[in-house]
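# I need the structure of the sequence given here:
(chains A, B, C and D)
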Number of protein chains: 2
Amino acid sequence: MSNEQVPQDFEALKTAILQRKAVLPKRLKQVAAYALDNPDEIAFGTAASIAVSADVQPSTLVRFAQHFGFEGFSSLQQIFRARLRERAPGYDERLRALAEKGNDELESGAILNGFIAAGHKSLNALTSAIDPVRFDRAVSILANAATIYLIAKRRAYPITSYMAYAFGKLKIRCQLVGTAAGIDDDMLAFAGESDAAFAVSFAPYAAETISQALAVSGKDIPVVSLTDSVFSPLAECSTVWFELAEADHTGFRSLSASMAFAMALTVAVAEKRQQNAVK
Amino acid sequence: MSNEQVPQDFEALKTAILQRKAVLPKRLKQVAAYALDNPDEIAFGTAASIAVSADVQPSTLVRFAQHFGFEGFSSLQQIFRARLRERAPGYDERLRALAEKGNDELESGAILNGFIAAGHKSLNALTSAIDPVRFDRAVSILANAATIYLIAKRRAYPITSYMAYAFGKLKIRCQLVGTAAGIDDDMLAFAGESDAAFAVSFAPYAAETISQALAVSGKDIPVVSLTDSVFSPLAECSTVWFELAEADHTGFRSLSASMAFAMALTVAVAEKRQQNAVK
DNA sequence: GTCAATATGGAATTTTCATTCCATTTCATT
DNA sequence: AATGAAATGGAATGAAAATTCCATATTGAC
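Below you'll find the predicted structure:
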């Protein structure tokens, strides 16, 4: 519709979607979220099948495509297919073999294999999902903080709780926000401009996590965050944020990839601090 | 046409094609070569477009698929699509890449890759380390418990904290032991013979975890445990125990595999409870 | 509250595509 | 060389899919 140019690759499309997501009408926003969260489905599905799983009409998909300047759904789909084509070669067929083997075994064994497979998948996704430059920026921010505030509730809490343990061992000052609901805000009141925060939240986002991250960023304290969708409210109030969708097994998600990410961040921060100290 | 079974994944198909390549008629051989050389084209193209670039008739593609036992071209194509969905660089491949270029990349990026690789390695080890029969026994024990006591400190604490969250969601009664040091023992005093405990501890073993596990097992309460060595004091006082060594990156360990294990155990327990309830 | 503009659902339409069918060619066997 | 069987090309068919269109619903401005 607009005379802006049509996105030619996935990155450009993603940017365009994010830019306009706030202005999009309800159903189109729904499609936008679905598309960015399930790019593979768009690549392989048919308009009808996608419509069902995104819970919209097929015509809405066409409209969505046209809103972004494509001729129709099909040409939009090309972008998602090209993205898959261009992924670096290298295949891990083991995952599939593993998933198959599980079936005739004991049911609980199958469950274990399922989570192992999901873990592998998540870790693989992590490789491509995290931009090293961005990661490095996040590390710098946290490395320069006097105190690192770790904000997470519920499903995300184990991640920061582990980071708190590791930071402690590494002699880096941090404050775990997320235990007793009452005192959290009091702790955050101490945070100042020389500090930084790391917030984690997955859908459905804990309201407290969001409001605390907002409060902190409102005080001009840099916020690094980890979340599972580009539409997360955390993304909006963060200096640097990462999208990491953990693969699920029968609807349940483990934290395999998140834990790897958390540890990498923790160790990288410690490393950078040491470098800074030497200078 | 043969009554061999239809290949279900790309590897099997590839093997089948290579095996029969010599016996294939001219045009089908041509298709075979094209398919293995341009798998991406098969995945995304239409029969017509592929026919043009492979220089055969569309009908030949259908025949080719049927020769290998598929119903038609479309079902063959599914194999090629599945391959793209799941393709991801293998962890050993990544390790090699990491070792090669490691230096000129950003250091923090290398750290992340290191933890991802370690995660893959740990998950792989998990596959062979856990005996399904034993796992099933552990599941039974915990499924029959009125209340599950989750015992863990320090590095192991995030694991049980996540299990506590998941059990809560699944409406399974559990008690997290490991938060405030003072009240732990008081909580455990309530544990009775209809309960069970799950203890996690890695070297250097937290004294409290051990003594609490001992106390519980002394009351004839079954204990399932997760630890990182056969010499762990936890192994001695446990009804069923699992050894899980998490791979490390430059001396630091993440919890990728432990988290997968914990989730598998949690979900398997919930599953078994549901089964028991139906009977 | 009214009206216009925009968005949405769903059926109707058109296009695209895989598959089938059959006439013709190629190949192996004698 | 003759014959039958297998393979091939290409048009015809019918199914499936994307797209369009229109009636209805929703939203926002005054």
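# drop to CA atoms for contacts and neighbour counts, all remaining ones
Fine.
# how about the strands in the stretch 51-200 of chain A?
Secondary structure of the stretch 51-200 of chain A by DSSP state E, counting those that start in this stretch: the strands cover A:148-152, A:174-177, A:196-201.
# neighbouring contacts of the second one?
Contacting residues not belonging to strand A:174-177 are listed as A:147-152, A:160-161, A:164, A:167-168, A:184, A:187-188 [Cα atoms under 8 Å, 6 or more residues apart in numbering or on different chains].
# returning to that earlier point: now the strands of the stretch 51-200 of chain A as TSV including mean pLDDT?
Shown next, in TSV, are the strands of the stretch 51-200 of chain A (pLDDT from 0 to 100):
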stretch	mean pLDDT
strand A:148-152	94
strand A:174-177	90
strand A:196-201	94
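# wait, which of those is closest to residue A:65?
strand A:196-201 (30.0 Å; Cα to Cα).
# residues contacting residue A:7?
Counting by Cα under 8 Å, 6+ apart, residue A:7 has contacts A:13, A:16, A:68-69.
# surely residue A:83 meets residue A:8?
No. Between residue A:83 and residue A:8 there is no contact, the gap being 10.6 Å when judged by Cα atoms under 8 Å.
# Neighbour count for these two, which is higher?
residue A:83 (16 against 13; other Cα atoms under 10 Å in any protein chain shown).
# Just put the contacts of strand A:174-177 in TSV and tack on distance to DNA strand D.
Listed next are the contacts of strand A:174-177 as TSV, based on distance: Cα to the nearest atom of the strand, whole Å:
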residue	distance to DNA strand D
A:147	42
A:148	40
A:149	37
A:150	36
A:151	33
A:152	33
A:160	38
A:161	41
A:164	43
A:167	46
A:168	49
A:184	36
A:187	38
A:188	35
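# Which ones, among those, also lie beside chain B?
Here is what survives when the contacts of strand A:174-177 are matched to chain B using Cα under 8 Å from any Cα of the partner chain: residue A:161.
# which among the contacts of strand A:174-177 gets closest to residue B:34?
Among the contacts of strand A:174-177, and counting by Cα to Cα, the member closest to residue B:34 is residue A:160, at 50.1 Å.
# residues in contact with that closest one?
With the criterion set at Cα under 8 Å, 6+ apart, residue A:160 makes contact with A:150-152, A:176, A:200, A:262.
# Now do the helices in the stretch 101-250 of chain A.
A:107-129, A:132-143, A:157-169, A:181-189, A:207-218, A:233-236 (DSSP state H, counting those that start in this stretch).
# ok, now how distant is residue A:47 from residue A:63?
With the distance defined as Cα to Cα, to the nearest Å, residue A:47 ends up 12 Å from residue A:63.
# Name the residues contacting each of these two.
The contact lists of residue A:47 and residue A:63 share residue A:73, where a contact means Cα under 8 Å, 6+ apart.
# quick one on the thing from earlier: now restrict the contacts of residue A:7 to buried residues only.
Buried members of these, counted by 16 or more other Cα atoms under 10 Å in any protein chain shown: A:13, A:68-69.
# Closest to residue B:133 out of these?
Of all the buried ones among the contacts of residue A:7, residue B:133 sits closest to residue A:13, with 49.1 Å by Cα to Cα.
# any idea which helix or strand carries that closest one?
Under the criterion DSSP states H and E, the helix or strand holding residue A:13 is helix A:10-20.
# Off-centre distance for that helix?
Relative to its chain's centre, helix A:10-20 lies at 16 Å (Cα atoms, centre = their mean, to the nearest Å).
# hmm, the helix or strand following it touching chain B?
Downstream of helix A:10-20, the first helix or strand assigned by DSSP H and E is helix A:26-37. No. Applying Cα under 8 Å from any Cα, one finds helix A:26-37 separated from chain B by no less than 14.3 Å.
# Which elements pack onto helix A:26-37?
Packing partners of helix A:26-37 (3 or more Cα pairs under 8 Å, 6 or more residues apart in numbering or on different chains; DSSP states H and E): helix A:47-54, helix A:58-67.
# Next, the buried residues of that helix.
So for helix A:26-37, counting by 16+ other Cα under 10 Å, buried means A:27-37.
# ok, back up a step: now for the helices of the stretch 101-250 of chain A, which one comes closest to residue A:22?
Residue A:22 lies closest to helix A:233-236 among the helices of the stretch 101-250 of chain A, at 11.4 Å (Cα to Cα).
# So which elements touch that closest one?
Using 3+ Cα pairs under 8 Å, 6+ apart, helix A:233-236 sits against helix A:207-218, strand A:223-227.
# Tell me which of those lies nearest to DNA strand D.
helix A:207-218 (23.5 Å; Cα to the nearest atom of the strand).
# Please list the residues outside that closest one that contact it.
By Cα under 8 Å, 6+ apart, helix A:207-218 touches A:151-153, A:185, A:188, A:191, A:197, A:199-201, A:222-223, A:233-234, A:237-238.
# if you set the cut-off to 6 Å instead, what comes out?
A:152, A:237 (Cα atoms under 6 Å, 6 or more residues apart in numbering or on different chains).
# before we move on, what about stretch A:266-279?
A:139, A:143, B:108.
# which one of these is nearest residue B:255?
Using Cα to Cα, the contacts of stretch A:266-279 come closest to residue B:255 at residue B:108, 19.0 Å.
# So for that closest one, what's the pLDDT?
Residue B:108 carries a pLDDT value of 74.
# swap in the one 5 residues further on?
Residue B:113 carries a pLDDT score of 84 in this model.
# Count the neighbours of it for me.
Residue B:113: 26 neighbours (other Cα under 10 Å).
# Tell me, how many residues neighbour residue A:42?
23.
# Model confidence score at it, please.
For residue A:42, the model assigns a pLDDT of 87.
# How about the residues of the stretch 51-200 of chain A by DNA strand C?
The stretch 51-200 of chain A comes close to DNA strand C at residues A:56-60, as judged by Cα under 7 Å from any atom of the strand.
# Return the member of the buried ones among the contacts of residue A:7 nearest to DNA strand C.
Distances from DNA strand C to those, taken by Cα to the nearest atom of the strand, are shortest for residue A:68, at 12.5 Å.
# can you tell me how far the closest one sits from residue A:20?
Distance from residue A:68 to residue A:20, by Cα to Cα: 10 Å.
# which neighbours do the two share?
With Cα under 6 Å, 6+ apart, residue A:68 and residue A:20 have no common neighbours.
# Averaging pLDDT per element, find the lowest-scoring helix or strand in chain A.
Least confident helix or strand, chain A: helix A:94-101 with a mean of 38, by mean pLDDT, DSSP states H and E.
# Any stretches of chain A with poor pLDDT?
A:1-5, A:86-107, A:179-182, A:184-185, A:230-231, A:278-279 (pLDDT under 70).
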